[in-house]
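# Take this sequence and fold it.
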Amino acid sequence: MRLTRVFVSSGLREGAIVELPAETASHVAKVLRARAGDALVLFGGDGREFTGEIQSVRGARVQVALGAARSVDRESPLDVTLLQCVPRGDRMDFIVQKATELGVRRIVPLLCQRSVVRLGEGQAASKAAHWRGVAVSACEQCGRNRLPAIDAPLQLEAFLGTAPVQPALRLVLEPDSVPGGLQELAPGTAVEIAIGPEGGFSPEELEAFRVAGFRRAGLGPRILRTETAAIAALAWLQSRYGDLGEP
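Below you'll find the predicted structure:
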């Protein structure tokens, strides 16, 4: 039987008794109806996971005794950064969730010329915190023991004005571009892939991408919605050059 996995940001060590965070504890106690003696898996984002046994459930407070730790690597061999223009509504939640499941290492939410969404500084910080919570839940579900980095939203020109941390294959999706055409990518290759907003990138933005070293890439003859394009691009990269589909 697959055990429930929960993220706890600190205090994880063999033999320790930890109290689950309030929201997590409430879910475990009230939704999953867990009881003392039930087994859990806990992880803190450093690549390890711990066996755990619930010691007590008092209302919405849950204490867990930690057992042995083990290092479990479920990370993709590709170091993929998703540059995603923020769509309206809750579609960014969907993108963050699925991108996490597909092994992306970093998500950079972007605001572009044709973006419908406009965010102030406080709103940007709040959104980033919310999306990090979405990523935590996705890691709990999919088995990852490391959390993807999620930046606060920023303007496209601000991102392009910064140099990449390491040399990377830089791709920008554009419907009129031919699909594929990449050389074989070695494990550990850093890839940045940019997905436009609902109205697509403007000509000026596409030129800025070109100057920054991005290559245009397509995903076939049909124009995909921004959330579809993000997931399709990541699945394509991981299935061809990463670990998607490996036994």
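# For the spatially most distant residue from the centre of the chain, list each beta-bridge partner.
Among residues of the chain, the one most distant from the C-alpha centroid is residue 58; the distance is 33.1 Å, by C-alpha atoms, centre = their mean. Assessed by DSSP bridges, residue 58 has beta-bridge partners residue 61.
# who are the neighbours in contact with the closest residue to residue 140 other than its chain neighbours?
Leaving aside its chain neighbours, residue 140 sits nearest to residue 5 (4.6 Å; criterion: C-beta to C-beta, 6 or more residues apart in numbering). (C-beta placed from N, C-alpha, C; glycine too.) Listed by C-beta atoms under 8 Å, 6 or more residues apart in numbering, the contact set of residue 5 reads 40-43, 49, 139-141, 143.
# can you tell me how far residue 5 sits from residue 93?
Plainly put, residue 5 is 20 Å away from residue 93 if you go by C-beta to C-beta, to the nearest Å.
# Helices of the protein, residue ranges please.
For the chain, the helices defined by DSSP state H cover 22-26, 91-101, 121-142, 156-160, 203-211, 226-241.
# Could you tell me the average pLDDT over the last one, please?
Right, the one you point to is helix 226-241. Helix 226-241 shows a mean pLDDT of 91 in the predicted model.
# what packs against that helix?
Contacts defined by 3 or more C-beta pairs under 8 Å, 6 or more residues apart in numbering; DSSP states H and E place helix 226-241 against strand 79-85, helix 91-101, strand 169-173, strand 190-195.
# How about residues contacting the third one?
Yep, that's strand 169-173 we're talking about. So strand 169-173 is contacted by 164, 182, 185, 189-196, 201, 206, 209, 212-219, 229, 233 (C-beta under 8 Å, 6+ apart).
# which residues does the residue nearest to the spatial centre of the chain contact?
Geometric centre of the chain, nearest residue: residue 100, 3.2 Å, by C-alpha atoms, centre = their mean. Counting by C-beta under 8 Å, 6+ apart, residue 100 touches 134-135, 138-139, 142, 144, 148.
# from those residues, which two are the most distant?
Farthest pair in the contacts of residue 100 (C-beta to C-beta) is 134 and 144. Separation: 13.2 Å.
# So if I had to pick from the two, which one is more boxed in?
residue 144 (25 against 19; other C-beta atoms under 10 Å).
# For the more buried one, give its distance to residue 85.
25 Å.
# Kindly report the same for residue 56.
Taking C-beta to C-beta, one finds residue 56 at 46 Å from residue 85.
# what's the answer for residue 188, then?
For residue 188, the distance to residue 85 - C-beta to C-beta - is 27 Å.
# higher neighbour count, those two?
Taking other C-beta under 10 Å, residue 188 and residue 85 do not tie; residue 85 has more neighbours (28 against 9).
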